[in-house]
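Chemist: just coords:
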């Protein structure tokens with residue numbers, strides 16, 4: 001994991017001595033000096049590896065500059081990770097949240113550094129079929145654990161709005177899509193009409209991660225299990241099947257999206273979509289999921305809206321990611337894929 005770090009970017013540097021003074025007073029047995037490196041990658045919240053006194057930590061902070069009021073909410077991340085630390089959901093141990101901008105320029109929090117393996121490709125390349133199978137079982141188990149947490153009992157009863165989750169999400173992502181629309185996609189127009197007209201009759205509320213996928217978990221260095229779940233910035237109170245469908249989306253997508261279509265699942269040690277969903281249902285106590293395909297269509301619609309947002313930034317000249325155009329061009333084929341599944345659904 002430390003191999004994924006580099007020198008701190010110029011625009012993300014801060015007063016290391018000020019940080020050291022702050023942590024000495026608030027983290028038990030903390031000793032300096034601090035060595036700081038920055039994790040590479042596209043995190044919206046700059047993330048740093050800290051080495052101090054023979055210990056390792058991770059610091060996540062709001063980026064410098066003018067921000068939207070609700071964006072980059074490191075306080076929410078800290079709150080949910082800290083609360084989940086009292087459950088069986090694997091998360092790093094947290095130490096301190098600092099909302100005083102005078103320390104390093106923006107709000108930040110510090111947590112343990114968890115070592116292990118991160119797989120950006122959901123097919124988990126580089127491991128054997130037996131290990132891959134066990135890793136997917138662990139992913140399934142961790143997601144089920146999250147969705148069965150008594151969120152009110154751990155102090156997260158006000159962490160979001162319970163109920164009506166999908167109606168609000170469809171409205172939100174339609175607005176986001178419209179705000180960055182560069183051309184008309186007939187399939188997206190159909191989805192915008194079809195999704196609210198076919199809402200399933202299930203208004204379950206649980207704690208949800210919002211971006212649960214292999215790239216956002218750390219697998220144990222040698223064992224086929226999840227050691228820690230990361231990147232909680234989209235977490236809220238929501239519908240658990242939004243998380244599950246998003247996690248299972250590779251089953252419906254082709255190789256151009258790192259999907260599983262066309263791959264020999266049995267040879268890879270990957271469960272079938274039906275087996276993965278059934279294992280989740282057994283763990284959370286569901287007998288089945290009526291309208292499962294609706295949830296998959298919603299997950300694809302949301303990803304298409306996100307892709308369109310990226311393309312909007314490409315057109316405006318504000319995209320930072322060198323792969324932004326490729327990601328943005330996925331909006332239409334994603335919408336097409338979602339609409340195809342919707343049309344094939346039984347009434």
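Modeler: Yes, it's here. A quick note: this is a predicted structure, and the numbers were derived from the prediction, not measured.
Chemist: Is it correct that residue 36 is in contact with residue 52?
Modeler: No: taking contacts as C-beta atoms under 8 Å, residue 36 lies outside contact range of residue 52: 9.3 Å. In short, each C-beta sits where N, CA and C put it, glycine included.
Chemist: For residue 206, list the residues it contacts.
Modeler: Counting by C-beta atoms under 8 Å, 6 or more residues apart in numbering, residue 206 makes contact with 146-149, 151, 237-240.
Chemist: measure residue 204 to residue 141 for me?
Modeler: Per C-beta to C-beta, to the nearest Å, residue 204 is found 19 Å from residue 141.
Chemist: so residue 19 touches residue 100, yeah?
Modeler: No: the criterion here is C-beta under 8 Å, and residue 19 misses it with residue 100 at 11.6 Å.
Chemist: Tell me the buried residues in the helix or strand of the chain with the lowest mean pLDDT?
Modeler: Ranked by mean pLDDT, DSSP states H and E, the weakest helix or strand in the chain is helix 324-328, scoring a mean of 84. By 16 or more other C-beta atoms under 10 Å, the buried positions in helix 324-328 come out as 324, 327-328.
Chemist: Determine the longest helix present in the protein.
Modeler: helix 292-316 (DSSP state H).
Chemist: in it, what's buried?
Modeler: Per 16+ other C-beta under 10 Å, helix 292-316 contains these buried residues: 292-314.
Chemist: still on that earlier bit, in strands, which of the contacts of residue 206 appear?
Modeler: Judged by DSSP state E, strands contain the following of the contacts of residue 206: 237-238.
Chemist: Run through the helices of the stretch 201-347 of the chain in chain order.
Modeler: For the stretch 201-347 of the chain, the helices defined by DSSP state H, counting those that start in this stretch occupy 240-248, 265-268, 273-284, 292-316, 324-328, 331-344.
Chemist: Neighbour count: residue 19 and residue 100, which is higher?
Modeler: residue 19 (23 against 10; other C-beta atoms under 10 Å).
Chemist: For the host helix or strand of that one, which helices and strands make contact with it?
Modeler: Here residue 19, judged by DSSP states H and E, is contained in helix 16-26. If contacts are counted by 3 or more C-beta pairs under 8 Å, 6 or more residues apart in numbering; DSSP states H and E, helix 16-26 sits against strand 34-39, strand 94-98.
Chemist: Around the closest residue to residue 295 other than its chain neighbours, count how many other residues there are.
Modeler: Leaving out its chain neighbours, the residue that sits closest to residue 295 by C-beta to C-beta, 6 or more residues apart in numbering is residue 245, at 3.8 Å. Neighbourhood size, residue 245 [other C-beta under 10 Å]: 23.
Chemist: what sits against residue 245?
Modeler: Contacts of residue 245 by C-beta under 8 Å, 6+ apart are 292, 295-296, 298-299.
Chemist: rewinding a little: compute the inter-axis angle for the longest helix of the chain and helix 240-248.
Modeler: 70 degrees (axes from the mean of the first three to the mean of the last three C-alpha atoms, to 10 degrees).
Chemist: Below-threshold pLDDT in the stretch 151-300 of the chain: ranges please.
Modeler: Along the stretch 151-300 of the chain, the model assigns pLDDT under 70 to residues 255.
Chemist: what helix or strand is the closest residue to residue 225 other than its chain neighbours on?
Modeler: Counting by C-beta to C-beta, 6+ apart, residue 225 lies nearest to residue 138, which is 4.3 Å off, once chain neighbours are set aside. Per DSSP H and E, residue 138 falls inside helix 129-147.
Chemist: immediately after that helix, which helix or strand?
Modeler: helix 165-179.
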